[in-house]
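Chemist: With the input below, show me the fold.
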Amino acid sequence: MVAFKQVDVFTQRGFFGNPVAVILDAAGLGDADMQRIAHWTNLSETAFVLPAQHPDASYRVRIFTPRQELPFAGHPSVGSAHAVIEAGMISVRDGRLIQECGAGLLPIRVEGSGSAQRIFVRSPEARLEPIISNASARLAAALAATARADHPPQVVNNGPRWWLVDLGTASTVRALQPDLAAIAAFNRADDSVGVAVFGREPAGSATALAVRCFCPADGIPEDPVTGSANACIAAWLAAHAQLPAHEYCASQGRELGRDGIVTLRVDGNDVWLGGHSRTIIAGQIRLRD
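Modeler: Purely as a prediction, here's the structure:
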């Protein structure tokens, strides 16, 4: 039996964010063990905390969806940091940590304390892949909505490869009823993790963007709140000189009964993503009979 937490990420209210399962001592578990546990938890991701291998790292984490390991994901990174800090496994120096993961060493910032604490992780640098001419029509059919003509769908890669679709307005994003089977087939064809759609909120809104992320090929029909995709969107907006601000908030999850808020900060080529977290379940998990 080892320590286990289930952390609700990108929310100050329990049950309104995206939960991540965190195994706080995964030493001795193999790849197949981790994948089996992640499949069993059936959450978007399960995080496995391990001793750091790099001398500069505070700890190491491996991140699994129900079907595969990811080099990086946002809400497991934020949730794991919350869990190890809360468990007293590491000490925070000057609000700084270093997470070691499949994407390398990622700086983490810890701001505030208690219920006001926010944790930010610097996303791996996003790469915008070449635009594929026939993708617009296929995605329009799968989404039953059309991307803005001046900005066709594009893959952005910050560890996971996301198809980004700019639908213009938040109302269009929220009204989507996509064909998940078509999205799954589309993602399997090019080994992308999912499709992230976004649109702008009306002026004066508390959040700048509405975001939804569909990952049916990975066993996740719609992800409640998605850090890596939001970081890709921020990088894409910066590349197209369309950032609403160098720091802004995105809303995600309302269509699933959640209300996640992701804060994005863009500083040159660096994109930081973060927000609040709350531990919902704390206890022990039996890893072997």
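Chemist: okay, CA-based contacts and neighbour counts for the rest of this
Modeler: Will do.
Chemist: how close does the spatially closest residue to Leu180 that is not a sequence neighbour sit to Phe64?
Modeler: Taking Cα to Cα, 6 or more residues apart in numbering, and ignoring the residues beside it in sequence, Leu180 has Pro216 as its nearest neighbour in space, at 6.2 Å. Here the criterion is Cα to Cα, to the nearest Å. By it, Pro216 lies 15 Å from Phe64.
Chemist: how much space between the residue nearest to Leu180 and Pro152?
Modeler: Applying Cα to Cα to Pro216 and Pro152 gives a distance of 22 Å.
Chemist: now swap in Ala38 and tell me
Modeler: 34 Å.
Chemist: likewise Gly159?
Modeler: With Cα to Cα as the criterion, Gly159 and Pro152 are 21 Å apart.
Chemist: Please name the residues that touch the residue nearest the centre of the chain.
Modeler: Centroid-nearest residue in the chain: Gly227, 2.7 Å away (criterion: Cα atoms, centre = their mean). If a contact means Cα atoms under 8 Å, 6 or more residues apart in numbering, then Gly227 has 73-75, 262, 273-274 as its contacts.
Chemist: Pull the most distant pair out of those.
Modeler: Among these, the pair separated by the greatest distance (Cα to Cα) is Ala73 and Val262, at 13.3 Å.
Chemist: which stretches of the stretch 101-250 of the chain form strands?
Modeler: 104-111, 118-122, 127-128, 154-157, 161-169, 194-200, 209-215, 220-223, 247-252 (DSSP state E, counting those that start in this stretch).
Chemist: Quick check: which of these is nearest to Gly17?
Modeler: Nearest to Gly17, of these and by Cα to Cα, is strand 247-252 at 8.8 Å.
Chemist: hmm, back to that, which of Pro216 and Pro152 has more neighbours?
Modeler: Pro216 (22 against 18; other Cα atoms under 10 Å).
Chemist: Was I right to think that one contacts Ile183?
Modeler: Yes. Taking contacts as Cα atoms under 8 Å, Pro216 lies within contact range of Ile183: 7.0 Å.
Chemist: between these two, what contacts are shared?
Modeler: Common neighbours of Pro216 and Ile183 (criterion: Cα under 8 Å, 6+ apart): Gly194.
Chemist: which residues are contacting stretch 279-289?
Modeler: Contacts of stretch 279-289 (Cα under 8 Å, 6+ apart): 1-8, 14-15, 23, 83.
Chemist: rewinding a little: mind putting the strands of the stretch 101-250 of the chain in CSV, mean neighbour count included?
Modeler: Shown next, in CSV, are those (neighbours: other Cα atoms under 10 Å):
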stretch, mean neighbour count
strand 104-111, 19
strand 118-122, 24
strand 127-128, 16
strand 154-157, 22
strand 161-169, 23
strand 194-200, 25
strand 209-215, 25
strand 220-223, 20
strand 247-252, 22
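Chemist: To Asn134, which of those strands lies closest?
Modeler: In terms of Cα to Cα, the element of these nearest to Asn134 is strand 154-157, at 11.1 Å.
Chemist: For that closest one, name the packing helices and strands.
Modeler: Strand 154-157 sits against strand 127-128, strand 161-169, helix 227-239, with contacts defined as 3 or more Cα pairs under 8 Å, 6 or more residues apart in numbering; DSSP states H and E.
Chemist: How far away from the center of its chain is the first one?
Modeler: Its chain's C-alpha centre lies 17 Å from the corresponding centre of strand 127-128 when counted by Cα atoms, centre = their mean, to the nearest Å.
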